[in-house]
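Visitor: Let's see this in three dimensions:
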Amino acid sequence: MARSWEEMRHSIEQRLLRQTGHDVAWWNAAAAAQDGLGDEAALRAWLGDRGVTGYQQMLLVRERFGYPDYMLASADELIDGQYAGRERLRPVLDAVLAAAARLGDVEVQARKTYTTLLTPRRTFAAVRPATRTRVDLGLRIDGTQPGGRLLDGSNTAGGSVNLRIGLHDVADFDDEAAGLLATAYHANL
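Guide: Modelled structure (predicted):
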C-alpha cells in the first residue's frame, strides 16, 4: 500500500523532532519571529544555517508558503492521476509492486508523476508512466552502466535512480526485470 503525503509528512515531522529537538510548531514560530524571511530562498538559507536540510527543510517551507494540491491528495488519488488516460499500463505498476513486496521491507510512496520504492535506507526503484504506451522502471544500482535493456535513468525519478527499463506491458516485467529489481533492492539496504 502506497503512503500518502500525510503519512510521509508525519514521518518527516518525527525526523525533524529527533534531529533538532524541536517540533514543526516550534520551527514555524521561530521562523515567523524572524525578519527578512518573506520568500522561500531566505527561509531555506535560514533553516540551512540551523542544520535543517532535506525533507525537513522542504516540510517547513511548505508549512510557511503552502502545499501544492498534489501533496494534499491521497496515495490512491496520486496513482490514479499518474495512470489517467493510460489505464492499460496500471497492471505494470501492480506487477512491480507485487514483486517488490516479496523482496522484504519495502515502503511505497506515491508522488505526483511517479511511485517510489524504498528500502529502510533509501530509494531503490521508481515506476513512472513515461508515455501513453510505456512505463519506466527506474533502478538505483550504483556502479552499473547502461547497456542492453538497461538505459540511462537519470531523468526517471528526481535523480534518485541511475538506470531504467522500458515496460510496455506486464509481459515485459519478466524474470530479468524482476531480477534487476531485486538487485537494486539488495544494493540499497
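
Visitor: and the longest helix seen in the chain, what other elements does it pack with?
Guide: In the chain, with assignment by DSSP state H, the single longest helix is helix 5-20. Contacts defined by 3 or more Cβ pairs under 8 Å, 6 or more residues apart in numbering; DSSP states H and E place helix 5-20 against helix 24-32, helix 54-65, helix 69-72. C-beta: built from backbone N, CA, C; applies to glycine.

Visitor: Flag every buried residue along it.
Guide: Applying a neighbour-count criterion of 16 or more other Cβ atoms under 10 Å, one finds 5, 8-9, 12-13, 16 buried in helix 5-20.

Visitor: got it, and stretch 128-142?
Guide: Neighbour count says stretch 128-142 has 128-130, 134-141 buried, by 16+ other Cβ under 10 Å.

Visitor: mind putting the buried residues of helix 5-20 in JSON lines, pLDDT included?
Guide: Formatted as JSON lines, the buried residues of helix 5-20 follow (pLDDT from 0 to 100):
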{"residue": "5", "pLDDT": "73"}
{"residue": "8", "pLDDT": "79"}
{"residue": "9", "pLDDT": "85"}
{"residue": "12", "pLDDT": "91"}
{"residue": "13", "pLDDT": "95"}
{"residue": "16", "pLDDT": "97"}
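
Visitor: Pick the one among the residues you listed closest to residue 25.
Guide: residue 13 (9.8 Å; Cβ to Cβ).

Visitor: Hmm, the closest one is touching residue 23, no?
Guide: Yes - using Cβ atoms under 8 Å, residue 13 is in contact with residue 23, at 6.9 Å.

Visitor: Quick check: which element contains the residue most central in space within the chain?
Guide: With the centre of the chain defined as its mean C-alpha position, the nearest residue by Cα atoms, centre = their mean is residue 116, 4.3 Å away. For residue 116, the enclosing helix or strand under DSSP states H and E is strand 115-118.

Visitor: How far off centre is that strand?
Guide: Its chain's C-alpha centre and that of strand 115-118 lie 5 Å apart, by Cα atoms, centre = their mean, to the nearest Å.

Visitor: Could you list every helix and strand that that strand packs against?
Guide: Applying 3+ Cβ pairs under 8 Å, 6+ apart, we find strand 115-118 packed against helix 90-101, strand 107-110, strand 123-129.

Visitor: and the last one, C-alpha only, in CSV?
Guide: Spelled out, it's strand 123-129. Extracted in CSV, the C-alpha atoms of strand 123-129 (Å, rounded to 0.1, in the frame of the first residue of the first chain):
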residue,chain,number,x,y,z
THR,A,123,15.1,4.8,-2.7
PHE,A,124,16.0,1.8,-4.8
ALA,A,125,13.4,2.0,-7.6
ALA,A,126,10.7,4.2,-9.1
VAL,A,127,7.9,3.4,-11.5
ARG,A,128,6.8,6.2,-13.9
PRO,A,129,4.3,6.2,-16.7
